[in-house]
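Enquirer: give me a 3D structure for the following:
(one chain, ligands or ions: 2)
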Amino acid sequence: MSAPTFDLLWLQAAGCGGCSMSLLNADTPDFDARLATAGIRMLWHPTLSLESGADVLALVDEILGGQRRLDALVVEGALLRGPQGSGRFQLWAGTGRPLAEWVQRLAGVAHHVVAVGSCAAFGGMSATGANATDACGLQYDDERPGGLLGAGFVAGGGLPVVNVAGCPTHPDWVLDTLAALAAGEIARASLDPLARPRHYADHLVHHGCKRNEYYEYKASAEKPGDLGCLMEHMGCKGTQAHADCNTRLWNGEGSCTRGGYACISCTEPGFQNPGHPFHRTPKIAGIPIGLPTDMPKAWFVALASLSKSATPRRVKHNATADHLVEPPVVRRTRLK
Ligand code: SF4
Ligand code: SF4
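Expert: Ligands and ions are numbered 1, 2, ... in the order given. Alright, predicted model coming up:
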């Protein structure tokens, strides 16, 4: 007899679908085999599955009727509660009922509920600005517990909504989380205070950034394309953003900062409304407002001015150039 599979149902709510697109960039020659190896069976995904219409509703009926087990309800995209709490800004096609209502019913019978992406976790881009659609996350409104399911929601397996936050999510954040859930290896202690899996959220984007030498000396980029650190002028929040983008890497080699873009902390609640242009660092009296996590402001200011005064010429020159203009000096490096 074959081992039971970990059966999941994936729904797409209000979002761009980018997390599903990102998932297809998983570093594997055989996506189906990667799921199967972890014992995961995708009962249905809106864009990856052939079934639609009546077939899907029959499947959902079986789940809600208790004839079929649902190991994980996976939701991508924010949930729309408007207008006026009716949820009717987003109906699930063919049902005439709000998608948010289907999500609530399915979450009530699922063993685990997983939010894929910052929209499903916290509201994200879909909740930006005036949020006319009253978009929210499954269990959060930005950083405030609540959301569609409520702060006290706990799925059948004993966990709150597992928030695989990111905009979009790295494919491995999703696949590793689902595989760990399938293996019964995620407990509450595996989740950080925002219910993000610690395997990726206990890191900072700053860890492993190729611009770290520039950061150390506060040798900063001044325009797009410069090699220097992006924190002082170009809006980088890598020292505060919880994610392993510069150690896990994307597509095996990239990250936002390696591509020349500031980290906009897309794994954090409320990142979509920073209150300043994404590519500019807000400052008071010339000092960036968003200082590194775990560092007292006075220390940062003192260290920054000290390191600026000690910046090697090579680092200073290269920081504002779009290619290496001054290589490291060649010296005898024999051990003495
Ligand atoms: S560019 Fe951002 S992530 Fe990279 S060293 Fe500077 S602050 Fe850290
Ligand atoms: S580097 Fe920052 S903005 Fe880019 S994907 Fe990672 S957390 Fe998101």
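Enquirer: ligand 1 contacts on the chain?
Expert: When proximity is defined as C-beta under 6 Å from any ligand atom, the chain approaches ligand 1 at 205-206, 209, 211-212, 215, 229-231, 236, 238-239, 257, 263. Bear in mind the C-beta positions are built from the backbone N, C-alpha and C, glycine included.
Enquirer: if any of the residues you listed are buried, put those into a ChimeraX selection.
Expert: Entered in ChimeraX, the line below selects the buried ones among those, by 16 or more other C-beta atoms under 10 Å:
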select :205,206,209,211,215,229,230,231,236,238,239,257,263
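Enquirer: in a markdown table, list the residues of the chain next to ligand 1 along with pLDDT.
Expert: Below are these laid out as a markdown table (pLDDT from 0 to 100):
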| residue | pLDDT |
| --- | --- |
| Val205 | 98 |
| His206 | 97 |
| Cys209 | 98 |
| Arg211 | 98 |
| Asn212 | 97 |
| Tyr215 | 95 |
| Cys229 | 97 |
| Leu230 | 97 |
| Met231 | 95 |
| Cys236 | 97 |
| Gly238 | 96 |
| Thr239 | 94 |
| Thr257 | 98 |
| Cys263 | 98 |
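Enquirer: now the strands for this protein?
Expert: Ranges of strands in the chain, per DSSP state E, are 6-12, 40-44, 72-76, 79-80, 112-116, 135-136, 140-141, 144-145, 162-164, 283-284, 287-288.
Enquirer: how many residues are close by the residue lying closest to His112 once chain neighbours are set aside?
Expert: Spatial nearest neighbour of His112, excluding adjacent residues (C-beta to C-beta, 6 or more residues apart in numbering): Ala72 at 4.5 Å. Ala72: 24 surrounding residues under other C-beta atoms under 10 Å.
Enquirer: does Ala72 touch Val109 like I think?
Expert: No - here Ala72 lies out of contact with Val109, judged by C-beta atoms under 8 Å, at a distance of 11.5 Å.
Enquirer: contacting residues around the closest residue to ligand 2 within the stretch 1-150 of the chain?
Expert: Nearest residue of the stretch 1-150 of the chain to ligand 2, counting by C-beta to the nearest ligand atom: Ser118, 8.8 Å away. By C-beta atoms under 8 Å, 6 or more residues apart in numbering, Ser118 lies in contact with 124-125, 137, 165-167, 266-269, 271-272.
Enquirer: most neighbours out of those, which is it?
Expert: In terms of neighbours by other C-beta under 10 Å, the contacts of Ser118 top out with Gly137 at 33 neighbours.
Enquirer: so, low pLDDT: which residues of the chain?
Expert: The chain contains residues with pLDDT under 70 at 1-2, 335-336.
Enquirer: for it, what lies in contact range of ligand 2?
Expert: So the chain meets ligand 2 at 166, 205, 241, 243, 245, 255-256, 263-267 (C-beta under 6 Å from any ligand atom).
Enquirer: leaving out sequence neighbours, find the closest residue to the residue nearest in space to the middle of the chain.
Expert: The centre of the chain sits closest to Gly166, judged by C-alpha atoms, centre = their mean, with a distance of 1.4 Å. Leaving aside its sequence neighbours, Gly166 sits nearest to Thr267 (C-beta to C-beta, 6+ apart; 5.0 Å).
Enquirer: which pair in the contacts of Ser118 has the greatest spatial separation?
Expert: The span of the contacts of Ser118, defined through C-beta to C-beta, is set by Gly137 and Cys266 at 13.8 Å.
Enquirer: how close does Thr247 sit to ligand 2?
Expert: 11 Å (C-beta to the nearest ligand atom, to the nearest Å).
Enquirer: list the contacts of that residue.
Expert: 203, 207-208.
Enquirer: which segments of the chain make up each domain?
Expert: Using automatic domain parsing, the domain parsing of the chain gives 6-201, 203-336.
Enquirer: out of the strands of the chain, nearest to Pro98?
Expert: Closest among these, using C-beta to C-beta: strand 79-80, at 7.7 Å.
Enquirer: what's the distance between the closest one and the middle of its chain?
Expert: Strand 79-80 sits 18 Å away from the centroid of its parent chain (C-alpha atoms, centre = their mean, to the nearest Å).
Enquirer: which other helices and strands contact it?
Expert: In terms of contacts (3 or more C-beta pairs under 8 Å, 6 or more residues apart in numbering; DSSP states H and E), strand 79-80 is packed against helix 99-107, strand 135-136.
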